[in-house]
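Participant: sequence unknown, structure follows:
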């Protein structure tokens, strides 16, 4: 869940965001996705923030140089201070940017969390991993290469590609599993992954292992990375895995929006 998008009513006892800060972040994100400078009215419409609040926040951000103000047409765009903050990330790979989330998930769920890169030649490659220091865990080497439609990540990839059933059947026949599912079972899992945003593989790709996965997609919906949690069978209670799946989906959705932002075409006024 994105804390800087409009949210339903919260539990009064739950921690609350600082409204002005949340509004400022929403405005900056909106300007970052715009294809041209925007006026106050356009920013207000796009963010759902009142025009008077937008004006005051934009004026404050302009003084701090986080946005640039064009006096001729009264529009705003991102400013130099944003570039200054981002300078520390220049040259940082996507995997390095995602790593803090891997570590957080590994610690919270006490299991191995893996990042896969989806390649253009139809494979997934293990590019990073994080694990809890207390869990008994399986070891998976960096650089491990698998067909992109296999396992829990593969079910998510198949859901994203939405291949014709005959083509999916043809590709499924080439996959190697230690305990292969039937195609009908696999197809049902793909449909479930499309509905929920995550998938599970129980003892099929590798006997004795349970894997839960979600997919990071780019702005066109194409699979770019897979996130998976991997546990030894019997090590966690069954209810852990749906919770992990939901959290992996949320992290994957946020990561996709952050790494592959959609461009917004709007009128400047």
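Facilitator: That came in fine, so what should we check first? What you are looking at is a predicted structure, and each value in this text was computed from that prediction instead of being measured.
Participant: identify the residues contacting residue 160.
Facilitator: 215, 217, 221-223 (CB atoms under 8 Å, 6 or more residues apart in numbering). All C-beta spots, glycine's among them, are computed from the backbone N, C-alpha and C.
Participant: now do the strands in the protein.
Facilitator: 67-70, 75-78, 112-118, 123-130, 145-147, 199-202, 209-217, 223-232 (DSSP state E).
Participant: just to revisit the earlier point, report the buried members of the contacts of residue 160.
Facilitator: Among the contacts of residue 160, those scoring as buried are 215, 217, 223 (criterion: 16 or more other CB atoms under 10 Å).
Participant: just curious, which of these is nearest to residue 65?
Facilitator: The shortest approach to residue 65 among these belongs to residue 217, at 33.5 Å (CB to CB).
Participant: rewinding a little: name the nearest of the buried ones among the contacts of residue 160 relative to residue 23.
Facilitator: Distances from residue 23 to these, taken by CB to CB, are shortest for residue 217, at 27.8 Å.
Participant: gap between the closest one and residue 124?
Facilitator: 14 Å (CB to CB, to the nearest Å).
Participant: low-confidence bits of the stretch 101-250 of the chain, can you list those?
Facilitator: 134-135 (pLDDT under 70).
Participant: so which of the contacts of residue 160 would you say is closest to residue 261?
Facilitator: When the contacts of residue 160 are compared for distance to residue 261 (CB to CB), residue 217 wins out at 12.6 Å.
Participant: show me what that closest one is bridged to.
Facilitator: Counting by DSSP bridges, residue 217 is bridged to residue 223.
Participant: hang on, the earlier thing: from the buried ones among the contacts of residue 160, which is closest to residue 157?
Facilitator: The closest of those, once distances to residue 157 are taken by CB to CB, is residue 223, at 4.9 Å.
Participant: and residue 209, how far is that from residue 83?
Facilitator: Note on residue 209: its distance to residue 83, by CB to CB, is 44 Å.
Participant: which of the two has more neighbours?
Facilitator: residue 209 (21 against 12; other CB atoms under 10 Å).
Participant: what is the more buried one paired to in the beta sheet?
Facilitator: Here residue 209, judged by DSSP bridges, has bridge partners residue 232.
Participant: can you list the domains in the chain?
Facilitator: Annotated domains of the chain cover 19-81, 94-259 [the TED database].
Participant: re earlier: just the strands of the chain: most buried one?
Facilitator: Stretch with highest mean neighbour count among those: strand 209-217 (a mean of 26; mean count of other CB atoms under 10 Å).
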